[in-house]
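In: Provided below for reference: sequence and predicted model.
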Amino acid sequence: MTTGMVRGGTTYIMTNKNNTTLYCGVTSDIVSRVMEHKSREYPESFTARYNLFKLVYFLSFSSIEEAIEHEKYIKGKRRDWKNELINSVNPDWKDLWEEIKEW
């Protein structure tokens, strides 16, 4: 049995300037994915339509499967729970792009 390289994953949350709309996603390449959101690579996407350009939460996992599970867990929660999650790691809701862009 051969095992390929295990690819990690990251669950993340994007929001807009006024923090009114949230988008939870998962990716194996957080830097490229956030760049796609910021540049509106997909103009018809939810994040482009609602101007969700600010990365306010992310959590990395050793496997993409774990990241997908975490994304589903977050998506199943109410907005106030998601706000508390973001507040627990990023109380000022600042754009975390500066922290990850050089990865």
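Out: It's in.
In: Which positions in the helix or strand of the chain with the lowest mean pLDDT come out as buried?
Out: Using mean pLDDT, DSSP states H and E, the weakest-scoring helix or strand in the chain turns out to be helix 97-100, at a mean of 94. By neighbour count on 16 or more other Cβ atoms under 10 Å, the buried set for helix 97-100 is residue 97. C-beta coordinates here come from the backbone N, C-alpha and C atoms, glycine included.
In: what's in contact with it?
Out: Taking contacts as Cβ atoms under 8 Å, 6 or more residues apart in numbering, the residues outside helix 97-100 that touch it are 30, 31, 34, 38, 54, 55, 58.
In: mind redoing it with 10 Å?
Out: The contact list for helix 97-100 (Cβ atoms under 10 Å, 6 or more residues apart in numbering) reads 10, 12, 30-31, 34-35, 37-38, 53-56, 58, 60, 90.
In: for the chain, what spans make up the helices?
Out: For the chain, the helices defined by DSSP state H cover 30-39, 46-49, 64-75, 79-89, 97-100.
In: Residue 19: which of these is closest?
Out: Across these, residue 19 has its closest neighbour in helix 79-89 (8.5 Å, Cβ to Cβ).
In: And that closest one, what does it pack against?
Out: For helix 79-89, the elements it packs on are strand 9-15, strand 22-27, strand 54-61, helix 64-75, judged by 3 or more Cβ pairs under 10 Å, 6 or more residues apart in numbering; DSSP states H and E.
In: Please work out which of these is packed deepest.
Out: Greatest average neighbour count among the helices and strands packed on helix 79-89 goes to strand 9-15 (a mean of 23), per mean count of other Cβ atoms under 10 Å.
In: That one pairs with which strands?
Out: Note on strand 9-15: by DSSP bridges, its sheet partners are strand 22-27 (antiparallel), strand 54-61 (antiparallel).
In: which stretch among the helices of the chain comes nearest residue 24?
Out: The minimum distance between residue 24 and those falls on helix 64-75, with 4.9 Å, by Cβ to Cβ.
In: contacting residues around the closest residue to residue 64 other than its chain neighbours?
Out: Nearest residue to residue 64, sequence neighbours excluded (Cβ to Cβ, 6 or more residues apart in numbering): residue 9, at 3.6 Å. By Cβ under 10 Å, 6+ apart, the contact list for residue 9 reads 26-30, 59-71.
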